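Q: could you look at this predicted model? Sequence included:
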Amino acid sequence: MAGLLSDNSRKANFSHAYVDAMAAAVGFSVERWTDDYDSIDVTIKATGRVEHSGKLSTGRSPKLDLQLKCTDAVSPKDGELHFPLSVKNYDDLSDPTRVTPALLVVLFVPKTWEQRLKWSASSLRLHKLAYWVNLRGMQVTTNKKSVTVVLREHFHPDALRHLMFLSAEGEL
């Protein structure tokens with residue numbers, strides 16, 4: 001149909017909506033980047049100190065950079081999502097000299113749009129779920145095209161709060 005976004009563009013927008021919802025749930029702001037030169041799509045920011053598990057961070061106003069992906073081509077198996085990441089993205093995200101922590105967040109979605117978004121007069125549901133991984137310091141690859149990355153951790157509000165706390169503490 002003329003005038004519609006490509007499926008890849010729609011999936012990119014869907015992954016942004018997912019991250020926006022997670023950040024809103026814990027009171028963080030999200031800044032979208034127009035240009036993706038450094039393999040970063042969004043930066044999530046907290047204001048002041050971050051609380052997690054009853055502890056207040058020593059550092060204030062932490063940030064997280066995220067590379068967002070959305071896929072229906074690979075499915076989680078035994079709690080792991082094996083995702084083929086481009087070598088350029090892998091190299092950028094695994095660079096140990098990055099100042100701001102940079103994570104890969106992959107949203108796994110069902111095959112059809114009717115399954116991905118459920119709307120009713122009483123609720124709006126986004127399906128399925130996102131996984132995250134910190135690639136900082138991973139071994140250098142000799143691959144030319146892609147690197148299969150294993151993601152085990154779910155990206156949800158509590159995880160985001162914990163990640164931001166770790167960023168504030170300089171532990172990420």
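A: Arrived safely, thanks for sending. The structure displayed is predicted, hence computed values, not measured ones.
Q: read off the pLDDT value for residue 1.
A: Residue 1 is assigned 53 on the pLDDT scale.
Q: now the helices for this structure?
A: Taking DSSP state H as the test, the helices found in the chain are 7-26, 87-94, 113-116, 157-168.
Q: of those, which is nearest residue 40?
A: For residue 40, the closest of the helices of the chain is helix 87-94, at 8.0 Å, according to C-beta to C-beta. No exception for glycine: its C-beta is placed from N, CA and C like everyone else's.
Q: which residues are contacting that closest one?
A: With contact meaning C-beta atoms under 8 Å, 6 or more residues apart in numbering, helix 87-94 is reached by 38-40, 67, 85, 102-104, 135-141, 143-147, 149.
Q: go through the helices of the chain and name the closest to residue 47.
A: Per C-beta to C-beta, nearest to residue 47 of the helices of the chain: helix 157-168, 10.8 Å.
Q: residue 59 contacts residue 46, correct?
A: No - taking contacts as C-beta atoms under 8 Å, residue 59 lies outside contact range of residue 46: 9.9 Å.
Q: quick check: neighbours shared by the two?
A: Common neighbours of residue 59 and residue 46, counting by C-beta under 8 Å, 6+ apart, are residue 168.
Q: those two - which one has more neighbours?
A: residue 46 (25 against 14; other C-beta atoms under 10 Å).
Q: how close does the more buried one get to residue 67?
A: Look at residue 46 and residue 67: by C-beta to C-beta, to the nearest Å, they are 19 Å apart.
Q: residue 39: what's it in contact with?
A: Counting by C-beta under 8 Å, 6+ apart, residue 39 touches 67, 88-89, 92-93, 102.
Q: farthest pair within the residues you listed?
A: Spanning the widest gap among the contacts of residue 39 are 88 and 102, at 13.3 Å by C-beta to C-beta.
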